[in-house]
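Q: pasting a predicted model and its sequence here:
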Amino acid sequence: EDQVTQSPEALRLQEGESSSLNCSYTVSGLRGLFWYRQDPGKGPEFLFTLYSAGEEKEKERLKATLTKKESFLHITAPKPEDSATYLCAVQIMNYGGSQGNLIFGKGTKLSVKP
Amino acid sequence: GAGVSQSPRYKVAKRGQDVALRCDPISGHVSLFWYQQALGQGPEFLTYFQNEAQLDKSGLPSDRFFAERPEGSVSTLKIQRTQQEDSAVYLCASSVSSGSSETQYFGPGTRLLVL
């Protein structure tokens, strides 16, 4: 069964304290791995897509990496405005190459205190 | 440009009522997805449209749930005879396939509360 597990469930950091969020996955065939940010009362906001092991992408204080079994979202010198729930999702290879749905983890709730 | 919009943003229904949730995707996006997000959980897939064709409805939890996209643009998710367990946030996402980039862009969601 295709599965996505995120850890930790919640993470509290001081402003400037760097850390990493983990997303481990078990899928039949990975088409892509996605990171989203979700603020309370809002829909998920796209951050990154990773397609193959060894790939890395960066945006401001965030850096996403991918291996064959997991992905990390590294947050460098976080600020209070980085507080949100970070969701990881996978898209699997499916019939006829047509686009498939995303399978999400439960998310990591990040709080950054000033 | 305009993103994905959803209406209403909040809906309170009495148990047994029918509800209809609307999604306006990004203009030109051919793919449209509906997801259900329970409190403290990640979104879970409900159904998928490519233009007006519903290609996957494997995630719909019961035959009380019905979705349509008759003209390949706006979509409506209908829930008949609502139950308390239907209370959740319903998210709509759209995407356009462009090579290997198939990012799904989400709307703000409709928060449904069934009393």
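A: In hand now; what should we look at? Since this is a predicted model, take the numbers as computed values, not measurements.
Q: quickly list what the residue in chain A positioned nearest to chain B is bridged to.
A: The nearest approach of chain A to chain B comes at residue A:104, 3.2 Å away (C-beta to the nearest C-beta). Any C-beta I mention is one placed from the backbone N, CA and C, and that applies to glycine too. Beta-bridge pairing for residue A:104 (DSSP bridges): residue A:89.
Q: excluding residues flanking it in the chain, which one is nearest residue A:77?
A: Nearest residue to residue A:77, sequence neighbours excluded (C-beta to C-beta, 6 or more residues apart in numbering or on different chains): residue A:16, at 5.0 Å.
Q: and residue A:18, by the same measure?
A: residue A:76 (4.9 Å).
Q: tell me who's in contact with that neighbour.
A: For residue A:76, the contacting residues are A:18, A:61-63, by C-beta atoms under 8 Å, 6 or more residues apart in numbering or on different chains.
Q: one step back: any idea how far the residue of chain A closest to chain B lies from residue A:58?
A: From residue A:104 across to residue A:58, the span is 23 Å (C-beta to C-beta, to the nearest Å).
Q: who's more crowded, the two?
A: Shown here are residue A:104 and residue A:58; by other C-beta atoms under 10 Å in any protein chain shown, residue A:104 has more neighbours (23 against 12).
Q: does that one touch residue A:3 like I think?
A: No - using C-beta atoms under 8 Å, residue A:104 makes no contact with residue A:3, being 10.7 Å away.
Q: quick check on residue B:89: phi, psi?
A: Taking degrees, to the nearest 10, you get phi -100, psi 130 for the backbone angles of residue B:89.
Q: what's the local residue count around it?
A: Residue B:89: 21 neighbours (other C-beta under 10 Å).
Q: that one pairs with what?
A: residue B:37, residue B:111.
Q: which residues does it contact?
A: Residue B:89 is in contact with B:36-38, B:109-112, counting by C-beta under 8 Å, 6+ apart.
Q: I am finished for the moment; much appreciated.
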